[in-house]
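Colleague: Return atomic coordinates for the entry below.
(one chain, ligands or ions: 2)
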Amino acid sequence: MARVVCPGSFDPVTNGHLDVISRAASLHDEVVVAVLINITKKSLFTTDERVDMLREVTKDYPNVRVERFHGLLVNFCTDNGIHAIVKGLRAVSDFEYEMQMAQMNYRLAKVETLFVTTNPTYSFLSSSLVKEIATYGGDVSGLVPEPVLGRLKARLKEE
Ligand SMILES: O=C(O)c1ccc2[nH]nc(Br)c2c1
Ligand SMILES: O=C(O)c1ccc2[nH]nc(Br)c2c1
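Modeller: Ligands and ions are numbered 1, 2, ... in the order given. As a prediction, the model looks like this:
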């Protein structure tokens with residue numbers, strides 16, 4: 001049973017994230033999308049909201065489940081029988097940091113990291129850019145799943 005993890009903040013999940021998750025799901029028996037609980041970093045959505053949105057937008061993928069974790073990713077992996085991490089690469093600029101993390105995670109727990117090159121349509125995308133554009137009234141439709149677009153607009157109205 002090849003189980004892999006797609007970790008992230010997903011604050012909120014974007015179509016770029018979903019592209020990586022769906023491609024990982026087509027390659028492995030099970031994909032665990034792991035939402036990082038980060039108490040130090042202020043996020044726009046709570047952990048529960050981020051988990052809920054991910055569950056909603058991945059409900060048509062039977063081999064994808066969404067969990068949350070805090071602390072070291074490799075501890076989450078070893079606790080859950082996960083031997084590989086799947087990350088998206090949007091551009092060469094992602095590679096240096098991801099390479100460092102991948103080598104550390106292998107050293108710590110022999111957990112491998114596999115990379116998926118993101119669909120060029122979304123290679124400019126990040127959660128933070130989507131939030132920034134939406135904050136100033138920019139149109140981010142088509143960049144996040146429909147259910148996320150509604151929640152993003154509603155949340156930003158509250159800010
Ligand atoms: O949501 C994030 O913070 C985040 C970061 C980096 C990422 N690489 N691949 C994916 Br899916 C991904 C998600
Ligand atoms: O949303 C982000 O911050 C983020 C970062 C890094 C990423 N690599 N691949 C993907 Br999809 C991705 C998304």
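Colleague: thinking V74 is in contact with T113, fair?
Modeller: No. Checked against CB atoms under 8 Å, the pair V74 and T113 is beyond contact range at 10.5 Å. Where C-beta positions appear, they are placed from N, C-alpha and C, glycine not excepted.
Colleague: mind checking which helix or strand the closest residue to D139 other than its chain neighbours is in?
Modeller: Nearest residue to D139, sequence neighbours excluded (CB to CB, 6 or more residues apart in numbering): I133, at 7.9 Å. Secondary structure from DSSP states H and E places I133 in helix 127-135.
Colleague: do that helix and ligand 2 meet?
Modeller: Yes. Part of helix 127-135 sits near ligand 2 under the criterion CB under 6 Å from any ligand atom, namely S127, S128.
Colleague: Check the average confidence over that helix, would you?
Modeller: Averaged across helix 127-135, pLDDT comes to 98.
Colleague: C-alpha coordinates for the helix or strand following that helix, CSV please?
Modeller: Next helix or strand after helix 127-135 toward the C-terminus (DSSP H and E): helix 146-158. Provided in CSV are the C-alpha atoms of helix 146-158 (Å, rounded to 0.1, in the frame of the first residue of the first chain):
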residue,chain,number,x,y,z
GLU,A,146,-15.3,27.7,-6.5
PRO,A,147,-16.2,26.8,-2.9
VAL,A,148,-13.0,28.5,-1.8
LEU,A,149,-13.7,31.6,-3.8
GLY,A,150,-16.9,32.2,-1.9
ARG,A,151,-15.3,31.6,1.5
LEU,A,152,-12.3,33.8,0.6
LYS,A,153,-14.6,36.7,-0.4
ALA,A,154,-16.7,36.3,2.8
ARG,A,155,-13.7,36.2,5.1
LEU,A,156,-12.0,39.2,3.5
LYS,A,157,-15.2,41.1,4.0
GLU,A,158,-14.9,40.4,7.8
